[in-house]
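Undergrad: I would like the atomic coordinates for the input below:
(2 chains)
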Amino acid sequence: NAGVTQTPKFRVLKTGQSMTLLCAQDMNHEYMYWYRQDPGMGLRLIHYSVGEGTTAKGEVPDGYNVSRLKKQNFLLGLESAAPSQTSVYFCASSWDPYPHEQYFGPGTRLTVT
Amino acid sequence: DAKTTQPTSMDCAEGRAANLPCNHSTISGNEYVYWYRQIHSQGPQYIIHGLKNNETNEMASLIITEDRKSSTLILPHATLRDTAVYYCIVRVGGGNTPLVFGKGTRLSVIA
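TA: Next up is the predicted model:
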């Protein structure tokens, strides 16, 4: 049981490039989330999903797109990376029904130059 | 969801109890109190949650005041490995509302 895994762990992009971050969970969780964390700040929710085929916007969705084609995977896409998107990205998943705790992945450190 | 207020930082001597306060004066009746922590560079880790009653698990105890406007997370015997940022979060039970993380309290356990 690997829990929540994230790929890649580190990435450097040039401004304007695109990339996709992959989150995978093997706990059969319905809910999945993408957060970003900037230095000295708490986590901010980007997008989340309450089940396969569904997505919803969080607190800071601009510049990101997501897809949940399979229950176990949640993809975060950056179509045209900007330096402001330099951050650590965390994925999380949780059970349904409530109450539920969120299980977090190890994070992806992204730098946009 | 209700807002929370936590001290920015706290110190605790190793082996002593660490008591982390959280104010949530606007909490409503159906909102739970959650605690998570984040050890440097790692993903956050769930600690405990509660609604009205005090709760205890293998990691910590959660004390919620009778009026539910504040709570305290207690780590009974803090170790150096407990040095982390601790987040207090309140959230409506049920529904699709995700957790919203604030800046938390940075706890430093000192040898």
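Undergrad: going forward, measure contacts and count neighbours with C-alpha atoms only.
TA: Noted.
Undergrad: what's the next secondary structure element after whichever strand or helix holds A:Val12?
TA: A:Val12 is located in strand A:10-13, with elements delineated by DSSP states H and E. Downstream of strand A:10-13, the first helix or strand assigned by DSSP H and E is strand A:19-25.
Undergrad: CA atoms only: put that following strand into PDB for me.
TA: The C-alpha trace of strand A:19-25 is given here as PDB (Å, rounded to 0.1, in the frame of the first residue of the first chain):
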ATOM      1  CA  MET A  19       3.700  20.200 -17.900                       C
ATOM      2  CA  THR A  20       1.500  17.800 -16.100                       C
ATOM      3  CA  LEU A  21       1.800  16.700 -12.500                       C
ATOM      4  CA  LEU A  22       0.500  13.200 -11.700                       C
ATOM      5  CA  CYS A  23      -1.100  12.100  -8.400                       C
ATOM      6  CA  ALA A  24      -1.900   8.500  -7.700                       C
ATOM      7  CA  GLN A  25      -3.600   6.900  -4.700                       C
END
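Undergrad: in that strand, what's buried?
TA: For strand A:19-25, the buried set under the neighbour-count rule, 16 or more other CA atoms under 10 Å in any protein chain shown, comprises A:21-25.
Undergrad: what pairs with residue 22 across the strands?
TA: No chain specified, so I'll use chain A. A:Thr7, A:Leu75 (DSSP bridges).
Undergrad: nope, chain B please
TA: Counting by DSSP bridges, B:Cys22 forms beta bridges with B:Ser71.
Undergrad: hmm, it is touching B:Ile74, no?
TA: No: taking contacts as CA atoms under 8 Å, B:Cys22 lies outside contact range of B:Ile74: 11.4 Å.
Undergrad: who has more neighbours, these two?
TA: Neighbour tally, B:Cys22 and B:Ile74, criterion other CA atoms under 10 Å in any protein chain shown: the higher count belongs to B:Cys22, 23 against 18.
Undergrad: distance of that one relative to B:Ile64?
TA: Separation of B:Cys22 from B:Ile64 (CA to CA, to the nearest Å): 10 Å.
Undergrad: list residues touching both of those two?
TA: Residues touching both B:Cys22 and B:Ile64 comprise B:70-72, with contact defined as CA atoms under 8 Å, 6 or more residues apart in numbering or on different chains.
Undergrad: out of those, which is most surrounded?
TA: Within the shared contacts of B:Cys22 and B:Ile64, neighbour counts (other CA under 10 Å) peak at B:Ser71, which reaches 22 neighbours.
Undergrad: surely it touches B:Glu55?
TA: No: assessed by CA under 8 Å, B:Ser71 is found out of contact with B:Glu55, at 11.0 Å.
Undergrad: model confidence score at whichever residue of chain A sits closest to chain B, please.
TA: Nearest to chain B in chain A, going by CA to the nearest CA, is A:Gly42, at a distance of 4.4 Å. A:Gly42 is assigned 82 on the pLDDT scale.
Undergrad: can you give me the neighbour number for it?
TA: Neighbours of A:Gly42 under the rule other CA under 10 Å: 18.
Undergrad: if I pick it, what's in contact with it?
TA: A:Gly42 is in contact with B:101-104, counting by CA under 8 Å, 6+ apart.
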